[in-house]
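In: model the structure of this input:
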Amino acid sequence: MKKWFVMTLIVSLFVVAACGGNNGGGGNASPTANNSSNTPTEDPGNSGGDDTKLTPEAGASLVIWDANNQAAFLQEMGAEFEKEYGVPVKFEEVGNTDQVAKLMTDGPAGLAADVLLFPHDHIGSAASAGLLLPNTAFEEEVVSENAEKTVKAITYDGIMYGYPRSVETYAMFYNKDLISEAPATFEEIFTFAETFNDPAKNKFAFAWELQQFFYNFAFLASQGGYMFGDDNTNSADIGLNNDGAIAGAKLMAEIKEKLLPLNTGDIDFDIKKGLFLDGSLAMELNGPWALADYKNAGINFGVAPLPKIGDNQMTSFSGVQAYYVNANSKYPQAAQLLARFLSTKEMQMKNFEMNSLLPSNEEAAGDPAVANDEIVKAFLQQFENSTPMPSIPEMGSVWNPITSAISEIWNEGKDPKTALDNAVAQIKDSIGTN
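Out: Just a heads-up that it's a prediction; the model follows:
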C-alpha cells in the first residue's frame, strides 16, 4: 500500500514504452473492441433499480484484477454475482499500482481483465490512452452516494470512469502508553518532545517516512502550498514554491532540529514500524494499511486527525480506490454490472467487515459499525481535510524534483525557497510549461 503513491512516474514511462510485448494473463479483452458498441442496453424485462440498466451479454464470463488481500472477498462476491446474473467471475492477482502499466500492453492485445481496481491517480494515463470505458450507466448513482471529493477523484477531463470502493489517507498514530491523548497542534508535539526525545537511544516523539513526498506534501500544503491549480487539473499552475509551501519547508527544517535529527534515508516504513512497535516512537504518520500489523502486535494505540500547524488544519494526500472497466472488454455490459455490484453500499460494508477498508459510500460511512469505530472515524475525519492525489499524467514529472528538493532542505540545510524554486523549474521543463 505504501508504494502506490509513487508509481505514477512508472506508469507514465510505460505509456512511452508499451508498444511491444505483453505480460500474459487470462483476460477477456478484445483487441478489436469498438467503444461505440459499448453503449448500455436497456433490459425491457426489468423495471428500475441499479442493476436493471444493463443486460449481460450471452455467454459472458469476466476476469477481475486486484491485489492478493482482496482474493477472499472477490471470490465470495464473484460467486454471488454469478448466482444473480449467471456470469462467472475469475479473480487474478495483479498489484493495484501495476495494473495500468499492464493494461497498456495487455488491453489492446486482448489479454487484460474486464474489471480492474487501482488508485484514482492513475486514471489520467489510462484514460488518455483510451483504455477505460466511461461510467455512464451508473454515474447518477455514484454522484448521489459519494462525497463530491470522491466523485472528482474518479473523474478525468470531465468524464467519470470509476466505481468507488474505498477511500484512504494517512493520519496520526500514537502510542497510548507513551502519550495518553493525541496532540492537537505541532506546538504540543514540540513540548512533549522536550521530555521524551533521546536520539542517542533512537527514541523519538514523532516521525514519518521522510523520503516520501506523499507525506511531505502535508507540510507544504497546510500553509497554502498546492500541487496544481484548478483542483489539480492545471499543470501550468504549480504551487509548490509559493509562500505557503516555503513556510511549510521551514517548519520541516525546525522539526528536524527539534524532533527528528536524522537524514531522509535513515527512516523508512520498516524502520519506523519497528520503532513504533518497540515503544521508541510515540507518534507517527501512517495509513489504514498499518492497522492489521499494529493490532496483531497488541500495541495500545490510537489514531487521530493530523495536528494543526498554527491556526491551519493540516491537510493530507488522499486516494480513492475504485473499479474500472477495460474499454477493450468483450463483455462491457456484464463488466459494468460487476463494477457496480462490487461498489454498492452493501459490498463496501462487506469489504469493511472482511478487510477494514474505509467505505467511500456516505451511507456506509455513517453505518454504526463504521461510525462508532474510533480509529475509522479518525481516518474519515482526516479524509475530509485531505487533497486527492492529482490524476493528470503530468503528476509523473513531480516526484523526482520535489523529493530531491526536500532532501536538500532536510539533509543539507539548503534554503527552502531556492530548493523549491529549482524543483518547480525542473517540473515545468519536464512538462513543457516553462
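In: can we go C-alpha only for contacts and neighbour counts from here?
Out: Will do.
In: per-domain residue ranges of the chain.
Out: 4-168+320-388, 169-317+391-431 (automatic domain parsing).
In: and the ones you listed as TSV, adding mean pLDDT and mean neighbour count?
Out: TSV is the format used below for these (pLDDT from 0 to 100; neighbours: other C-alpha atoms under 10 Å):
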stretch	mean pLDDT	mean neighbour count
domain 4-168+320-388	83	20
domain 169-317+391-431	95	19
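In: in contact with the residue nearest the centre of the chain, which residues?
Out: Centroid-nearest residue in the chain, with C-alpha atoms, centre = their mean: residue 319, separated by 2.8 Å. Going by C-alpha atoms under 8 Å, 6 or more residues apart in numbering, residue 319 touches 119, 120, 121, 153, 167, 168, 169, 388, 389.
In: now residue 355
Out: Contact partners of residue 355, counting by C-alpha under 8 Å, 6+ apart, are 69, 70.
In: now do residue 130
Out: Applying C-alpha under 8 Å, 6+ apart, the residues contacting residue 130 are residue 327.
In: need the three-state assignment for it.
Out: Residue 130 falls in the coil class when you classify it by DSSP: H, G, I helix; E, B strand; the rest coil.
In: need phi/psi at it.
Out: phi 70, psi 30 (degrees, to the nearest 10).
In: from residue 195, how far out is it?
Out: Going from residue 130 to residue 195 by C-alpha to C-alpha, to the nearest Å gives 57 Å.
In: before we move on, what about residue 418?
Out: Remark: distance between residue 418 and residue 195 (C-alpha to C-alpha) = 34 Å.
In: same question for residue 212.
Out: For residue 212 relative to residue 195 (C-alpha to C-alpha), the value is 28 Å.
In: which strand runs longest in this structure?
Out: Assignment by DSSP state E gives strand 316-326 as the longest strand of the chain.
In: quick one: strands adjacent to it?
Out: Here strand 316-326 is paired, per DSSP bridges, with strand 115-119 (antiparallel), strand 132-133 (antiparallel), strand 163-169 (antiparallel), strand 386-388 (parallel).
In: for residue 126, which of the ones you listed is the nearest?
Out: Using C-alpha to C-alpha as the measure, strand 132-133 is the one of these that comes nearest residue 126, at 6.4 Å.
In: quick one: the helices in the stretch 51-200 of the chain?
Out: 71-85, 99-109, 123-128, 139-145, 148-153, 186-196 (DSSP state H, counting those that start in this stretch).
In: could you export those helices as a markdown table, including distance to residue 257?
Out: Shown next, in a markdown table, are the helices of the stretch 51-200 of the chain (distance: least, C-alpha to C-alpha, whole Å):
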| stretch | distance to residue 257 |
| --- | --- |
| helix 71-85 | 45 |
| helix 99-109 | 41 |
| helix 123-128 | 39 |
| helix 139-145 | 46 |
| helix 148-153 | 36 |
| helix 186-196 | 11 |
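In: can you tell me which of the ones you listed comes nearest to residue 176?
Out: helix 186-196 (13.5 Å).
In: and the closest one, what does it pack onto?
Out: For helix 186-196, the packing partners by 3 or more C-alpha pairs under 8 Å, 6 or more residues apart in numbering; DSSP states H and E come out as strand 204-207.
In: tell me the first helix or strand C-terminal of the strand it packs on.
Out: With elements assigned by DSSP states H and E, the helix or strand that comes after strand 204-207 is helix 213-221.
In: picking up where we left off before, can you put the strands paired with strand 316-326 in a markdown table and add distance to residue 246?
Out: Shown next, in a markdown table, are the strands paired with strand 316-326 (distance: least, C-alpha to C-alpha, whole Å):
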| stretch | distance to residue 246 |
| --- | --- |
| strand 115-119 | 29 |
| strand 132-133 | 38 |
| strand 163-169 | 23 |
| strand 386-388 | 18 |
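In: quick check: which of those strands is nearest to residue 206?
Out: So among the strands paired with strand 316-326, strand 163-169 is nearest, using C-alpha to C-alpha, at 18.1 Å.
In: could you give the angle of the closest one to helix 213-221?
Out: If you take axes from the mean of the first three to the mean of the last three C-alpha atoms, to 10 degrees, strand 163-169 sits at 70 degrees to helix 213-221.
In: test my guess that residue 57 contacts residue 335.
Out: No - the pair residue 57 / residue 335 is not scored as a contact, 9.6 Å apart, by C-alpha atoms under 8 Å.
In: could I get the full set of strands for the stretch 251-400 of the chain?
Out: Assigned by DSSP state E, counting those that start in this stretch, the strands in the stretch 251-400 of the chain fall at 281-286, 301-304, 316-326, 358-359, 386-388.
In: how about these, which one is nearest residue 234?
Out: Taking the strands of the stretch 251-400 of the chain one by one with C-alpha to C-alpha, strand 386-388 is closest: 14.4 Å.
In: what's the spacing between the closest one and its chain's center?
Out: Mean-position distance between strand 386-388 and its chain equals 10 Å (C-alpha atoms, centre = their mean, to the nearest Å).
In: got the contact list for that strand?
Out: Contacts for strand 386-388 (C-alpha under 8 Å, 6+ apart): 149, 153, 169, 315, 316, 317, 318, 319, 320.
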